[in-house]
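In: Pasting the sequence and the predicted coordinates here, then a few questions.
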Amino acid sequence: EAAEKAGFEHFMIKEIHEQPKAVRDTLNSVLKDDRIDLSEVGLTDEEIKKISQIYIVACGSAYHVGMAAQYVIEDLTRIPVRVELASEFRYRNPILDPEGLVVIVSQSGETADSLAALREAKQRGIRTLGIVNVVGSSIAREADNVFYTLAGPEISVATTKAYSTQLIASYALAVQFGKVREQITEEKYQELIAELKTLPDKIAKIIEDDKERIQWFAAKQANARDAFFIGRGIDYAISMEGSLKMKEVSYVHTEAYAAGELKHGTISLIEDGTLVIGILTQNHLYEKTVSNMVECKSRGAYLMGLTTYGHYNIEDTADFTVYIPKTDSHFATSLAVIPLQLLGYYVSVAKGLDVDKPRNLAKSVTVE
Ligand code: G6P
């Protein structure tokens, strides 16, 4: 096992470091001459033009990929997207448009609820696409089309690199669908692809630049009882994954909240020293989320801000700040999630917990 960890203390941190390669490989698998080519996935332009509605169905972190993808796909393609937990979808008698596309996102390809949701969709005669990491897994075999993520084997129960590759796969679909359906110009198309290609290096830089500072901050937060992750839009989707990462490996009670919803209940939980992590990657929502952070601070919260370089006035509000490189706002999840993975990881390490095998959790949930 020591050899497999290649000098890292845990699989989780090893897999965090493998993300630039995993993301690059996954992107390259659908790039030909700097254009996205979905022929291996098996979707033709004619089929893409006909899609009336997209349903993304998944569990756990894969569901959070769906939450982020929803904003990106809707914005770039104008196709309506619904995101559902597989365990809800399968028992809900869903109304599915026959011209729709059901996208099942799953690292293992074996999650019982996701597989059941896929079968439910197929039985209703709707086209299905799996975004799957494990080759030959049940979901990969049964879905009409498969977009394989190239994360390689993931050992840590808490997913990092598989999540990042699922995001890239969904961006590639969004950009290509947007182009085929003439919702984005040729110029915008090339710009977005050029930006996608920069993500692996930016991820590598975040890991290098922020690892030590986050480790230091995490050690200070090791005794935190609660943490609240807040954001709006795509930043809300990132909050969900940040919150899950932290709670699953560090056993700190965490919640993700749409920042604008805080006032409707959660803010009553903020006390002196409660950790609140504000995520602010979306320029048009920046001031709104800052004002929610100020509201938390005035009730005693201890604030971490996660934003892009340039937004230095966040330091007027936040007690600790992490900056990420600029990217197209649609793709911000790929960068912002990295410091949050590191935060969850290092809080767990600081508490001396079994990072790779958190209590009560399994890598692949093959029972209901
Ligand atoms: C488990 C894992 C999670 C994962 C979820 C869905 O709960 O611990 O990391 O997100 O299952 O798994 P899947 O293999 O379908 O992506």
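Out: Yep, that arrived. Please read these numbers as outputs of a predicted model, since none were measured by experiment.

In: distance of the closest residue to the ligand within the stretch 51-200 of the chain from S138?
Out: Of all residues in the stretch 51-200 of the chain, the one sitting closest to the ligand is G60 (2.8 Å; C-beta to the nearest ligand atom). C-beta: built from backbone N, CA, C; applies to glycine. In this view, G60 and S138 are 17 Å apart by C-beta to C-beta, to the nearest Å.

In: so the residue of the stretch 51-200 of the chain closest to the ligand makes contact with T159?
Out: Yes: applying C-beta atoms under 8 Å, one finds G60 in contact with T159, separated by 7.5 Å.

In: Show me which of these two is the more surrounded one.
Out: More crowded of G60 and T159, by other C-beta atoms under 10 Å: T159, with 28 against 23.

In: Within range of the ligand, give me the residues from the stretch 51-200 of the chain.
Out: Proximity of the stretch 51-200 of the chain to the ligand, by C-beta under 6 Å from any ligand atom, involves residues 59-62, 106-108, 111, 114, 157-159.

In: Need the worst-confidence member of these.
Out: The member of those with the lowest pLDDT is V157, at 92.

In: re the thing from before, distance of the residue of the stretch 51-200 of the chain closest to the ligand from Y189?
Out: To Y189, G60 is 32 Å away according to C-beta to C-beta.

In: hey, where'd the strands end up in the stretch 101-250 of the chain?
Out: With strands called from DSSP state E, counting those that start in this stretch, the stretch 101-250 of the chain shows them at 101-106, 127-132, 145-148, 226-231.

In: Direction included, what does the last one pair up with?
Out: Yep, that's strand 226-231 we're talking about. Strand 226-231 pairs in its sheet with strand 253-258 (parallel), strand 275-280 (parallel), by DSSP bridges.

In: now the angle from the next helix or strand after the last one to strand 226-231?
Out: By that I understand strand 275-280. Next in sequence after strand 275-280, counting helices and strands by DSSP states H and E, comes helix 286-297. Per axes from the mean of the first three to the mean of the last three C-alpha atoms, to 10 degrees, the angle that helix 286-297 makes with strand 226-231 is 160 degrees.

In: returning to what we had before: ok, and which of the strands of the stretch 101-250 of the chain has the densest surroundings?
Out: Of these, the one with the most neighbours on average (mean count of other C-beta atoms under 10 Å) is strand 101-106, at a mean of 30.

In: Going along the chain, name the helices of the chain.
Out: 11-17, 19-28, 45-50, 60-77, 86-89, 112-123, 138-142, 161-180, 186-220, 234-250, 286-297, 332-350 (DSSP state H).

In: For the third one, name the packing helices and strands.
Out: Helices and strands touching helix 45-50, as assessed by 3 or more C-beta pairs under 8 Å, 6 or more residues apart in numbering; DSSP states H and E, comprise helix 161-180.

In: Check the offset of the helix it packs on from the chain's centre.
Out: Counting by C-alpha atoms, centre = their mean, to the nearest Å, helix 161-180 is centred 11 Å from the centre of its parent chain.

In: List every C-alpha atom in that helix, with coordinates, as CSV.
Out: Extracted as CSV, the C-alpha positions of helix 161-180 are listed here (Å, rounded to 0.1, in the frame of the first residue of the first chain):
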residue,chain,number,x,y,z
LYS,A,161,-10.2,13.5,-9.0
ALA,A,162,-13.2,11.6,-10.2
TYR,A,163,-15.4,14.6,-9.3
SER,A,164,-13.0,17.0,-11.2
THR,A,165,-13.1,14.8,-14.3
GLN,A,166,-16.9,14.6,-14.1
LEU,A,167,-17.0,18.4,-14.1
ILE,A,168,-14.8,18.6,-17.2
ALA,A,169,-17.0,16.1,-19.0
SER,A,170,-20.1,18.1,-18.3
TYR,A,171,-18.3,21.3,-19.4
ALA,A,172,-17.3,19.6,-22.7
LEU,A,173,-20.9,18.6,-23.3
ALA,A,174,-22.2,22.1,-22.4
VAL,A,175,-19.8,23.8,-24.8
GLN,A,176,-20.4,21.4,-27.7
PHE,A,177,-24.2,21.4,-27.2
GLY,A,178,-24.1,25.2,-27.1
LYS,A,179,-22.2,25.4,-30.4
VAL,A,180,-24.2,22.8,-32.2
